Structure formats: C-alpha cells, structure tokens
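Engineer: Output the structure for:
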Amino acid sequence: MKRHARCAGAALISAIFLIVVLAAIGASMVSLSTVQEDTVTKSVLAARVYYGAKAGIDWAVQRAISDPGASPTRCTGPGPEFPATIALTGTGLAGVSVVVTCVQSQHGAGTTAYTYYLTSIATTGTVGTPSYAERRMEATVSNIP
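Structural biologist: Down below sits the predicted model:
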C-alpha cells in the first residue's frame, strides 16, 4: 500500500491545534484562579473594616448615651472622648484603625435632651495599595426619654 502525499501532515496539524487549545484552556484557568483569589482577599478586607466601623459606632453609642449622669457635652468636651482614634487589636481585626467623631444638638434651651450624630471610619492597609479597605458608618442616637 502506498501513502498518498496529500494526507502526509494532517496528524501534525491536528496535534498542533490540540496543543494550542489545551494551552488556551490552561491559561484561562490560571487567570480565573487569580481573580478568584483576589476576590476572596477583598471580601476578607471588606468584612474586617465593616466590623471595625461597627465596633466604633457601638463604642460611640455607649459613650454618648449610656451614662445619664455624665456631662451633656460629651461630643465637644470636657475630656478626650471625641474625636477618638482606636487601633483594634483583637483576633481578625488587628491592623484596623477606627476614627470616631460626634456632633451633638440640644433639644430646646435648658433641657438635658440631646441628639448625637456619630460617624465611624475604619481603615486597614495603605491608601493606593491592593491591601487598602475603608468603611464608613453613621448613626444618630438620642437621650430623649
């Protein structure tokens, strides 16, 4: 039996095509894996700063209205309460920095009823890097009976 000259390279072309297709699939899987890893990292950073900002708001609410005998000017002084910078050190929140501010308004002259506008900004990482995340939370609380 004689080989035909026209069929002499068909197997080589098929093999090259198969190698190119498998290489493309491998490259896309590597790219997809990298994107998935980045997404998980960003989700963890977002959760850390969310709970950091929430801790700042909880701290501010406790400071603003929990002690009825304290000075009504808790937001403006006297004392170093606000603005407050808190460096969290607990497990999972290490490296998260929280800045809490407070603005108050009095309801009527001579009353002891106040509304407190609280802001908590939590950050981690360095601005401009992939490891940076920030979350801002606001709350309004009042000691009106």
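
Engineer: and the residue nearest the centre of the chain, helix, strand or coil?
Structural biologist: Closest to where the C-alpha atoms of the chain average out (CA atoms, centre = their mean) is residue 46, at 2.5 Å. Using DSSP: H, G, I helix; E, B strand; the rest coil, the structure places residue 46 in helix.

Engineer: Kindly report the same for residue 139.
Structural biologist: Residue 139 ends up strand, using three-state DSSP.

Engineer: what sits against it?
Structural biologist: 57, 60, 61, 117, 118, 120 (CB atoms under 8 Å, 6 or more residues apart in numbering). (C-beta placed from N, C-alpha, C; glycine too.)

Engineer: Now which of those residues would you call buried?
Structural biologist: 57, 60, 61, 117, 118, 120 (16 or more other CB atoms under 10 Å).

Engineer: Excluding chain neighbours, what is closest to the fourth one?
Structural biologist: In space, not counting the residues next to it along the chain, residue 117 is nearest to residue 103; the distance is 4.5 Å by CB to CB, 6 or more residues apart in numbering.

Engineer: shouldn't the one you found be in contact with residue 138?
Structural biologist: No - contact criterion CB atoms under 8 Å: residue 103 and residue 138 do not qualify, at 10.5 Å.

Engineer: where do the contact lists of the two overlap?
Structural biologist: By CB under 8 Å, 6+ apart, the residues touching both residue 103 and residue 138 are residue 117.

Engineer: Residues in contact with the worst-scoring helix or strand of the chain on mean pLDDT: which ones?
Structural biologist: Least confident helix or strand, the chain: strand 84-87 with a mean of 86, by mean pLDDT, DSSP states H and E. Under the criterion CB under 8 Å, 6+ apart, residues 55, 56, 59, 60, 96, 97, 98, 99, 100 lie in contact with strand 84-87.

Engineer: Now go through these and say which are in helices.
Structural biologist: 55, 56, 59, 60 (DSSP state H).
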